[in-house]
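*Asks:* Coordinates for the following, if possible.
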Amino acid sequence: MNSVRHRGIGMTSQRTRERLVQRLREQGIQHAGLLEAMRALPRHIFVDEALASRAYEDTALPIGHGQTISQPYVVARMTEALLNSGPLGKVLEIGTGSGYQSALLAQFVDELFSVERIDALLSVARRRFSDLKLRNIRVKHSNGACGWPEHAPYDAILVTAAPAEIPQALLEQLGPAGRLVLPLGERGGQDLLLVRRTSEGYVRENLGKVSFVPLRGGVS
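*Replies:* Below you'll find the model as predicted:
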């Protein structure tokens, strides 16, 4: 990776990252380790160079193929929900996308398994993980709604696109006391949910309104 692009200049400077972290803190993100990781992780390398100057705005940005890199606050909210709800040994991510959420989550888990349906995005994300020396991420080109059953059960599953209904396959791949964080519903009316597996069944907690691209089947 180009060392200047990795380090960041101008709008990708440390000062700009610090402003983003301050905004996240003001919006209620409290996990100190998460805030430090978001300060350190170079978000500008996960977007096209033409958008690098906007990388530390608290907004979603296009990454091609009809997909986006999620708003930093939403990434932080989803990650914090998992960090605050129990140990994270083995975690499944549905929707690798740019790889930004994966790279952040990988810093807090033993093993991260990430599934992406768009091969072109997965190839770029894989190179980014290699450049960042993130060796605990395994990726797969597959339909995310099916999960990755070969490595189940998971302590947690994080979904970065919105299904109309929670995929049963993902619920079945949660381990005892496992947690699932996902956006649910049609665009314009999506809720971010934390779903916990208990001995009596599944318990849902609504974390607020969000807007994600839909979870699609198949691969491309």
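
*Asks:* By mean pLDDT, point me to the weakest helix or strand of this protein.
*Replies:* Using mean pLDDT, DSSP states H and E, the weakest-scoring helix or strand in the chain turns out to be helix 3-7, at a mean of 40.

*Asks:* Now the element after it, going C-ward?
*Replies:* Downstream of helix 3-7, the first helix or strand assigned by DSSP states H and E is helix 14-26.

*Asks:* What is the distance between that next one and the centre of its chain?
*Replies:* Distance, stretch centre to chain centre, for helix 14-26: 19 Å (CA atoms, centre = their mean, to the nearest Å).

*Asks:* Do you have the helices of this protein handy? List them.
*Replies:* Secondary structure of the chain (DSSP state H): helices at 3-7, 14-26, 32-40, 72-83, 100-105, 119-131, 168-172.

*Asks:* Which of those helices has the lowest mean pLDDT?
*Replies:* In terms of average pLDDT, helix 3-7 trails the rest of the helices of the chain, at a mean of 40.

*Asks:* What ranges in the chain fall below the confidence cut-off?
*Replies:* Counting by pLDDT under 70, the chain contains low-confidence ranges at 1-12.

*Asks:* Tell me the residue in it that is farthest from the middle.
*Replies:* Glu200 (28.3 Å; CA atoms, centre = their mean).

*Asks:* and the gap between it and Ala177?
*Replies:* Going from Glu200 to Ala177 by CB to CB, to the nearest Å gives 12 Å. Using the backbone N, CA and C atoms, a C-beta is placed for each residue, glycine as well.

*Asks:* Next: Ala145.
*Replies:* 23 Å.

*Asks:* between the two, which one's more packed in?
*Replies:* Neighbour tally, Ala145 and Ala177, criterion other CB atoms under 10 Å: the higher count belongs to Ala145, 20 against 14.

*Asks:* My guess is the more buried one contacts Pro163. True?
*Replies:* Yes: counting by CB atoms under 8 Å, Pro163 is a contact partner of Ala145 at 6.7 Å.

*Asks:* what's the overlap in contacts for the two?
*Replies:* Shared contacts of Ala145 and Pro163 (CB atoms under 8 Å, 6 or more residues apart in numbering): Leu215.

*Asks:* Now for Arg17: which residues touch it?
*Replies:* Gly8, Met38, Arg39, Ala40, Arg43, Tyr56.

*Asks:* The fifth one reaches Ala55, doesn't it?
*Replies:* Yes: counting by CB under 8 Å, Arg43 sits close enough to Ala55 to count as a contact (4.5 Å).

*Asks:* center of the chain - which residue?
*Replies:* The residue lying closest to the centre of the chain (CA atoms, centre = their mean) is Gln101, at 3.1 Å.

*Asks:* which residues touch that one?
*Replies:* Gln101 is in contact with Ser70, Val75, Met78, Thr79, Glu93, Leu158, Thr160, counting by CB under 8 Å, 6+ apart.

*Asks:* rerun at 10 Å
*Replies:* Residues in contact with Gln101, defined by CB atoms under 10 Å, 6 or more residues apart in numbering, are 46, 69-70, 74-75, 78-79, 93, 95, 112, 114, 158, 160.

*Asks:* now do Leu215
*Replies:* Leu215 touches 94-95, 117, 143-145, 159-165, 167, 182-184, counting by CB under 10 Å, 6+ apart.

*Asks:* Count the residues that sit near Pro214.
*Replies:* With neighbours defined by other CB under 10 Å, the count for Pro214 comes to 14.
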